[in-house]
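*Asks:* From the sequence below, what's the structure:
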Amino acid sequence: MVTFVFIINVGLMLLLMAVFDSVIYERGFFQSLFDIYPFELGTRRTIVSSVAVLGFIIAVYIDYKDRKKSTNQQTSE
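*Replies:* Reported below is the predicted structural model:
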């Protein structure tokens, strides 16, 4: 569930930023969406990307741990 919420949050933030960019810079939505996040080494976007990937890995780990805990409780009862 944590992973699902993480993906939804990131997706909605990207869509919202694309809508704002398309309105402010008066260009198409899909052009804004594709131009919003180019990955370039040595920029601040690399640091943000690294933290976002780390957050995704942590979310998957938390979901795995919760699922493992719930299956162990079900088998012990």
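*Asks:* okay, CA-based contacts and neighbour counts for the rest of this
*Replies:* OK.
*Asks:* low-confidence ranges in this structure?
*Replies:* Along the chain, segments meeting pLDDT under 70 span 39, 41-42, 77.
*Asks:* which one's the longest helix in it?
*Replies:* Under DSSP state H, the helix in the chain containing the largest number of residues is helix 44-76.
*Asks:* Check the offset of that helix from the chain's centre.
*Replies:* Here the centre of helix 44-76 is set off from its chain's centre by 12 Å, with C-alpha atoms, centre = their mean, to the nearest Å.
*Asks:* Show me what it is packed against.
*Replies:* Contacting helix 44-76 under the criterion 3 or more C-alpha pairs under 8 Å, 6 or more residues apart in numbering; DSSP states H and E are the following elements: helix 2-24.
*Asks:* how much space between the residue nearest to the spatial centre of the chain and Glu26?
*Replies:* Most central in the chain under C-alpha atoms, centre = their mean is Val10, positioned 3.5 Å from the mean C-alpha point. Val10 sits 24 Å away from Glu26, taking C-alpha to C-alpha, to the nearest Å as the criterion.
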